[in-house]
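[1] build me a model:
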Amino acid sequence: MLHSSKYRGEEKNSLDQKLQNARQSSARIEEGHVTVGLEGKEKQLVKQLIKGVRERRVISVVGLGGIGKTTLAKKVYNHKEVVEYFGRLRAWVYVSRDCKPRDIYQKILEEVYTPAAQEEAEKMKTFDEEQLGNFLRNKLEEKKYLVVLDDVWTCEDWNCLAKVSINEPGSAGRVFPVGKNGSRLLVTTRDENVAKLADARVTPLTLKFLAPEDSWDLFCQKAFLDADPSAFTKPLLELGEKMVKKCEGLPLAIVVLGGLLSRIDKSLPEWGKVLDNMDAYLTGSDQPVMVILNLSYVTLPSHLKLCFLHLCLFPEDHVISTRKLLSLWLAQGFVQKQGNTQRMKDTANEYLNQLISRNLVQAVRLSVNKRVMECRVHDFVRKLAIEKAKEENFISADSPSTSTATSYLCSTKFRWQSIYSGFDRYASMEHSSSSCLGSLLSSKAVLPDGGISSVRFICQSFKMLRVLDLEGLQIKKLPKKIGELIFLRYLGLRNTSLKTLPSSIKGLVSLQTLDTNNLKRVPKEICSIKNLGDLCIEGQKECKLIRVDKLKNLQNLSGIRFDQWRWNNPSKLSTCLEKLKLQGRFKIKGVDLSNSISKLRNLRSLYLKASDGIPLLVMNTWDRLSKLDIKGPMPKLPEAPQFPPRLMQLTLEGTKLDDDPMPTLEQLPQLSTLRLRENSDIGDKMRVSPKGFNKLNVLQISELNQLTKLNIESGAMPWLTEFQFYEELQISKLSELQNLVEVDIIGHIVFSFTIRAEIPFHMLLQNGDWKYTPRTYRNNAKGFHLYREQGQNLPNPSELIERLIVFLEQIQKK
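    As a prediction, the model looks like this:
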């Protein structure tokens, strides 16, 4: 049984027609001479198309609408070497959202095949989709061909086009022959999942937003045409730079802006008007930028649309904590349960990854195991989200500077409300008609009377609240009426001026997440909130008995003190608790802590921070633990067999170990990430023996002031891909780490000499696959990040490493 094509109607409605026309017109815009920032990508794609394995491959270009996918694909398609290599057997077809496989097969055949006679041509017209697909396959069989499928929207579209059997997902399909003739398919898509499905063996080429200098070059091409930008006044150029900055590296946005400015007088008054009305110029319904972004939105499934619309709650350019975002989605009820085994938070994380893969959300910071820790939304995407949210009666975003804000606020149809500023003004208004309000988020503000009257007003007026996030508000006290919000699922109180919480907090019977910090005292009543699953109480000033073992649904517990933990029965949390962070003075016996942790059968992540030291712990009964962070002095490490058997990530900081930790740690069988941070070891030498760390992928060595030498024996760390170290460290046999793809060198010498070009990196990185960029690290340390694109083949990485060693020697001599 095959995936059948989707019937979407022969007659498109006016919106679909408008969007399709915009897509075609934008393609024509892209096909011009706008190639800024694509030169290196073009060479890479040409190489992938005409070199490498003879077996058919699918090469994918992934990126946001308007990022330049079609431009790049067109340049490669018409490249001299590509034309010579594939000859006449090249075909380009637009797929688009309205994917009709039969029409696409017909267009491919028109470019690669000429019927021998009119009779055959007439017969081809009678073929249905299945027959025409088989006919196309026969004509491509045993031949070297290139087919470009521009703008494939969904995995379902790919399966339909390639005729992939639903019983063999991920297979090559029946339409485009595999063979061993050097054939290639080039796919452009907004969805990374399409690329992975089409050919999991090939890493997709993901187009990023343009760098500031490339953005400016592109703008000058379109705005000044053939004129020299330097011929214009400095104030005019500064206005242009401000407008380009608002485009944030999106090529199509820059092209549209440049085209607009090219048609008006190049004077300060005229350009000033454009700058003052950027929103109107760049989000109007007739502008292709927003129309193309709209295409990405309309194809989202309903559950992703809710999550996407929710992103407009956050202020412009705001970096969003993933942990917080996922908790908010859960509290709002946006996440659908998937089976009986998958956790809801894992499902929410999948939602986020889907939005990222569709290029509607940008990942800002990743953890060492590549989980997204922070994200943001591009300004144009956010504007689209706000526009759609208003259309869907999903939200009103309060803007105190606009006269229309109040009319939105007073409407009963809005259930989600975001307050970015002016919280005190809003809280003092009579919004009785907004009693069904479901979500209220705020930004930093100073409130009169310590905020108690403002928060009391919220508690009295908005009984249906599910989310109340007061992070950053200088609130000194919560009113007792907070306990009347019986539908509240999320309460955010980070970075406020609160010293404690009222006992009425126990009335929040639906609360799932309580996120607070730096309280002087945590009330015992929080342990009466039975549905609480995520509890953060970091930075407590006083230690009071709290029985968290009463919380039968608790999954994440952060900030409980060691002396509070010892009064709890961990057996009562054995089936639920997955993440635990203990801190404070180590007022518990080591054996008692080890035994208590062993009773937490589902614990996967443990963080121990003790200012007065951590005793020797036996951890081999911590069966499920995969991540361990230890911060505080230790007499020595346990022997390797005493570590958790499934430990994959280990971070040590401030442990002040006298002996080399490597002989012990290199024996841990599952360890993939090791971070040795500030003062984790105070020795001057470390040695990794042959076959040591046979599964390690990531090694970070930073701020070990006494360490001068790291000796890596032959055969050690065979799978290391990421290595971070500081410039003074002398490393032997670095060249044997053949799988490195990322190297970070931290230190002011490497930074300053490279910036002043006394030791130019471009001489070091003669192999074009490698790149470098300056970076700021923990504690504001400066350094350089060397990397090569994922999926690139480096014939002899040791050559790069050897040059790196010479480079480091030069630095150390300086």
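[2] residues near N553, how many?
    Neighbour count of N553, defined by other C-beta atoms under 10 Å: 15. Glycine gets a C-beta too; all of them are placed from N, C-alpha and C.
[3] whoops, I mixed them up, M344
    Neighbour tally, M344, other C-beta under 10 Å: 17.
[4] need the contact list for I745.
    Shown in contact with I745 (C-beta atoms under 8 Å, 6 or more residues apart in numbering): 725-727, 783-784, 786, 808.
[5] tell me if L468 really is in a strand.
    Yes: judged by DSSP: H, G, I helix; E, B strand; the rest coil, L468 forms part of a strand.
[6] low-confidence ranges, the stretch 401-550 of the chain, go.
    For the stretch 401-550 of the chain, the stretches with pLDDT under 70 are 401-437, 442-451.
[7] let me see the mean pLDDT of stretch 373-381.
    Summarised as a single mean, pLDDT over stretch 373-381 is 82.
[8] what residue is smack in the middle of the chain?
    For the chain, A363 is the residue whose C-alpha lies nearest the centre (C-alpha atoms, centre = their mean; 2.5 Å).
[9] give me the three-state assignment for that residue.
    Going by three-state DSSP: A363 is strand.
[10] contact partners for it?
    356, 372, 374-375.
[11] in PyMOL, select just the buried ones from these.
    The following PyMOL command selects only the buried members of the contacts of A363, with burial defined by 16 or more other C-beta atoms under 10 Å:
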select buried, resi 372+374+375
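[12] let me know the closest of the contacts of A363 to R646.
    R646 lies nearest to V372 out of the contacts of A363, by C-beta to C-beta, at 23.5 Å.
[13] list the beta-bridge partners for that closest one.
    L366 (DSSP bridges).
[14] ok, it touching I356?
    Yes: the pair V372 / I356 is scored as a contact, 6.7 Å apart, by C-beta atoms under 8 Å.
[15] could you list which of the contacts of I745 belong to strands?
    725-726, 783-784, 786 (DSSP state E).
[16] list just the nearest of these to Q738.
    Nearest to Q738 among the ones in strands among the contacts of I745, with distances taken as C-beta to C-beta, is L786, at 15.2 Å.
[17] tell me the secondary structure at the residue lying closest to that closest one once chain neighbours are set aside.
    Setting aside the residues directly before and after it, L786 is nearest to V743 in space (C-beta to C-beta, 6 or more residues apart in numbering), at 4.4 Å. Secondary structure, three-state DSSP: V743 is strand.
[18] please begin residue numbering at 45 from this point
    In the new count, where the first residue is 45, that last one comes out as V787.
[19] can you name the residues that contact V787?
    766-768, 829-831, 848.
[20] and N600, by the same measure?
    577-580, 621-623.
[21] pretty sure S733 is touching E757, no?
    Yes: counting by C-beta under 8 Å, S733 touches E757, with 5.3 Å between them.
[22] rewinding a little: what would the contacts of V787 look like in a markdown table with distance to V238, neighbour count and pLDDT?
    Formatted as a markdown table, the contacts of V787 follow (distance: C-beta to C-beta, whole Å; neighbours: other C-beta atoms under 10 Å; pLDDT from 0 to 100):
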| residue | distance to V238 | neighbour count | pLDDT |
| --- | --- | --- | --- |
| E766 | 28 | 18 | 91 |
| F767 | 33 | 22 | 92 |
| Q768 | 33 | 20 | 91 |
| H829 | 29 | 16 | 76 |
| L830 | 31 | 21 | 77 |
| Y831 | 25 | 16 | 74 |
| L848 | 37 | 20 | 62 |
